[in-house]
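Student: dropping the sequence and predicted coords here.
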Amino acid sequence: MTSIASTLGVGSGIDTATLVEQLAAASKKPKEDLIAKREEANSAKISALGNISSAIDSFASALSSLISGGSLFTQATSSDTGVVASALAGSRIGNLSVQMEVRQLAAAQSIASGSYAGATSPIGQGQMTLTTAKGSFAITVDAANDSLAGLARAINAAGAGVTASVIQDTTGSRLVIKGATGAAQAFSLSVDPSADAGLQAFAFDPASYDAGNPSGMSLAQAAQDAIVRVDGVEVTRTSNSFSDLVPGVKIDLRKAAAGTVITIGSSRPTAAISQAVSDFVAAYNELKSMLDAATAAGAGALRGDVGLREMQRQLAKLPTTVLSSAGGPATLAEIGVRTQRDGTLAVDGARLSSILASDPDGVEALFNPGQTASSPLIRIVSPYGAVKPGTYTVSDLVAGDPASGKIEGFLGVVSGSQLGSSIAAKSKGLVIEPLGNLAEGTITVDLGLGGALQAIRDALRASGGPLATTQARLATESKTIAKDREKMETRESAYHDQLVRQFTAMDSRVAAFKATQSYLDQQIKMWTSGNN
């Protein structure tokens, strides 16, 4: 068709090629302008929705990071670096004051063999028995593993709860076996009488060990518990890290110092919480401004969008959403965050300062939610965050080992004296320990501000949610516009080709008429000349 178009006008003398292009362009332009307008409008909607989705993600993530960073909840303090104290999530330790003396650190039993020329040096063959807190384990040394390294591999493969390794020093190679911390984790290694004499050098029994006359392996470190005095009461722990001694606090022992009393206290983040409230209000107002611009009548790219209207409605409820069941202020409105006539938020500084002074734990609980049981006979074992916020029912609890009972109507998963929630229940992740028999009780996991904002975001962005529906609709519109453009291009191309054919036919006919005219002109001239 191109070669034909290039000859348009040759026969007629008219610039029909230009005429065809102008006619085709005149037909195409209004249709292309309409599609371009649709594309521009849809792109503006997609861009606005993307910006808003990103904004609420950033809002929720920034708040979660601020809360998880620990700057908004009371921190445990220690007067000595020998004891590191840290608050557990959801704990209330504002009035913490504990005197602690670390008399002994927990240690793991460690034993070492005599020196050998190398890790592959033969040690003798036979049967050995490794006895640990987990039970008795048979260890076989034969031709395949007759060496220090082979024995170490056999011990590790037994899964007895100890670790064996071969170390090098200036005297040669030695086998070292180490257990877990705690006095109950002591272990022994006995050798069958029928084994090669060389294996006797690896025997060890902590009960009969004589440091002055060791007959087998040497004791490098005895297994022992940590011994601490808390407010004058002496207790032991199998580890140097524990969170069941001081309520709401994790303790990490770094050194023992008998006679030295360490004070464990707390530090309230009053200024940080006050600043966080102001930052939240500023971020909320910025997000609201973006939503208002996107949904403004006449000018907003997403005016009338159902998903954004739902987001505005959900966000507007935040100041009055119940965030805590700790007994103090339960909503942001109660600590001075108020909604103004235009829908933006403002902070009543006097109200916030007053309640921070009178109930700092209550204000803190809005940002750092906890979990509580309705009865002292229920101990919540799972950490905060393991189960979604909500109120869960427990029933038919029977304490003991094993414990029994139901969580949310499902039989609890028994693990000794503890019960875990069935994965089929909405309480999935919850673990409790019945401390007594109880017919029925409840466990409340608070939402907190971060959880409330996260819940709004998740509901909006969930599959089938308002924002997801809008995104799907805009994506479908993009595909529809692309198809409409493709159809328009095909129709207009066909119209262009039709014009070329029509003008080519016209040009041929005009050329034929001109040839006839030329012939007639010639004949007339001949006839005229003949008459003369």
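Tutor: Received it, and whenever you're ready, just let me know what you need.
Student: CA only for contacts and neighbour counts going forward, please
Tutor: Noted.
Student: helices along the protein, start to end?
Tutor: 2-5, 16-68, 148-157, 270-295, 306-316, 349-358, 360-367, 448-461, 466-531 (DSSP state H).
Student: looking at those helices, which is nearest to Ser165?
Tutor: Comparison of the helices of the chain against Ser165 by Cα to Cα identifies helix 148-157 as nearest, at 5.7 Å.
Student: just give me the lowest mean pLDDT stretch among the helices of the chain.
Tutor: Ranked by mean pLDDT, those bottom out at helix 2-5, with a mean of 44.
Student: any idea what Lys178 is bridged to?
Tutor: Counting by DSSP bridges, Lys178 is bridged to Ser110, Thr163.
Student: state the pLDDT value of it.
Tutor: pLDDT, read off for Lys178, is 98.
Student: and it, how many neighbours?
Tutor: 20 (other Cα atoms under 10 Å).
Student: state the distance from it to Ile111.
Tutor: 7 Å (Cα to Cα, to the nearest Å).
Student: shared neighbours, the two?
Tutor: With Cα atoms under 8 Å, 6 or more residues apart in numbering applied, the contact sets of Lys178 and Ile111 do not overlap.
Student: adding distance to Asp142 and mean neighbour count, write the helices of the chain out as TSV.
Tutor: Listed next are the helices of the chain as TSV, based on distance: least, Cα to Cα, whole Å; neighbours: other Cα atoms under 10 Å:
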stretch	distance to Asp142	mean neighbour count
helix 2-5	89	11
helix 16-68	54	16
helix 148-157	9	19
helix 270-295	66	17
helix 306-316	71	17
helix 349-358	72	15
helix 360-367	62	25
helix 448-461	60	20
helix 466-531	65	15
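Student: closest to Ala183 out of those?
Tutor: helix 148-157 (20.7 Å).
Student: hang on, Leu88 packs against Asp244?
Tutor: No: between Leu88 and Asp244 there is no contact under Cα atoms under 8 Å: 10.8 Å.
Student: and those two? Which one has more around it.
Tutor: Between Leu88 and Asp244, counted using other Cα under 10 Å, the more crowded position is Leu88 (21 against 11).
Student: so how far is stretch 342-362 off the chain centroid?
Tutor: Centroid displacement of stretch 342-362 relative to its chain, using Cα atoms, centre = their mean, to the nearest Å, is 30 Å.
Student: ok, now stretch 96-107?
Tutor: 35 Å.
Student: same question for stretch 26-37.
Tutor: 48 Å.
Student: run through who's touching it.
Tutor: With Cα under 8 Å, 6+ apart, stretch 26-37 has contacts from Ile481, Asp484, Arg485, Met488, Glu492.
Student: please tell me how far the third one sits from Ser115.
Tutor: Spatial separation of Arg485 from Ser115 under the definition Cα to Cα is 84 Å.
Student: ok, the second one next?
Tutor: Note on Asp484: its distance to Ser115, by Cα to Cα, is 85 Å.
Student: ok, the last one next?
Tutor: Noted for Glu492: a distance of 92 Å to Ser115, by Cα to Cα.
Student: check what pLDDT the closest residue to Ala184 other than its chain neighbours gets.
Tutor: Leaving aside its chain neighbours, Ala184 sits nearest to Ala133 (6.7 Å; criterion: Cα to Cα, 6 or more residues apart in numbering). We have a pLDDT of 94 for Ala133.
Student: go ahead and confirm Ala133 touches Ala186.
Tutor: Yes: the criterion here is Cα under 8 Å, and Ala133 meets it with Ala186 at 7.3 Å.
Student: ok, the two, which is more surrounded?
Tutor: Neighbour count, other Cα under 10 Å: between Ala133 and Ala186, Ala186 has more, with 23 against 14.
Student: just the pLDDT for that one.
Tutor: Value for Ala186, per-residue pLDDT: 96.
Student: mind showing which ranges of the stretch 151-300 of the chain have poor pLDDT?
Tutor: Applying pLDDT under 70 to the stretch 151-300 of the chain flags no residue at all.
Student: that one: strands as residue ranges?
Tutor: With DSSP state E, counting those that start in this stretch applied, the stretch 151-300 of the chain shows strands at 163-169, 172-181, 188-191, 218-221, 226-230, 233-237, 241-242, 249-253, 262-267, listed in chain order.
Student: which other residues reach stretch 255-275?
Tutor: 71-80, 82-83, 85, 93-105, 352-353, 356, 360, 364.
Student: ok so, going back, wait, which of the strands of the stretch 151-300 of the chain is closest to Asn51?
Tutor: strand 262-267 (38.9 Å).
Student: and the closest one, what's buried?
Tutor: For strand 262-267, the neighbour count (16 or more other Cα atoms under 10 Å) marks Ile262, Thr263, Ile264, Gly265, Ser266 as buried.
Student: cool, stretch 366-377 as well?
Tutor: Leu366, Phe367, Asn368, Pro369, Gly370, Gln371, Thr372, Ala373, Leu377.
Student: and for stretch 188-198?
Tutor: Buried, per 16+ other Cα under 10 Å, within stretch 188-198: Leu189, Ser190, Val191, Ala195.
Student: convert the C-alpha atoms of stretch 213-232 to PDB, please.
Tutor: Provided in PDB are the C-alpha atoms of stretch 213-232 (Å, rounded to 0.1, in the frame of the first residue of the first chain):
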ATOM      1  CA  ASN A 213      44.500 -37.800  91.100                       C
ATOM      2  CA  PRO A 214      42.400 -37.900  88.000                       C
ATOM      3  CA  SER A 215      42.200 -41.400  86.400                       C
ATOM      4  CA  GLY A 216      40.500 -40.300  83.200                       C
ATOM      5  CA  MET A 217      39.500 -36.900  81.700                       C
ATOM      6  CA  SER A 218      40.100 -33.700  83.700                       C
ATOM      7  CA  LEU A 219      37.400 -31.400  85.000                       C
ATOM      8  CA  ALA A 220      37.900 -28.000  83.500                       C
ATOM      9  CA  GLN A 221      34.600 -26.500  84.800                       C
ATOM     10  CA  ALA A 222      32.000 -28.000  87.100                       C
ATOM     11  CA  ALA A 223      28.300 -27.700  86.300                       C
ATOM     12  CA  GLN A 224      26.600 -25.300  88.600                       C
ATOM     13  CA  ASP A 225      23.500 -23.100  89.000                       C
ATOM     14  CA  ALA A 226      23.400 -19.300  89.300                       C
ATOM     15  CA  ILE A 227      22.900 -18.200  92.900                       C
ATOM     16  CA  VAL A 228      21.300 -14.800  93.500                       C
ATOM     17  CA  ARG A 229      19.700 -13.100  96.400                       C
ATOM     18  CA  VAL A 230      16.700 -11.000  95.500                       C
ATOM     19  CA  ASP A 231      15.600  -8.600  98.400                       C
ATOM     20  CA  GLY A 232      17.400 -11.000 100.800                       C
END
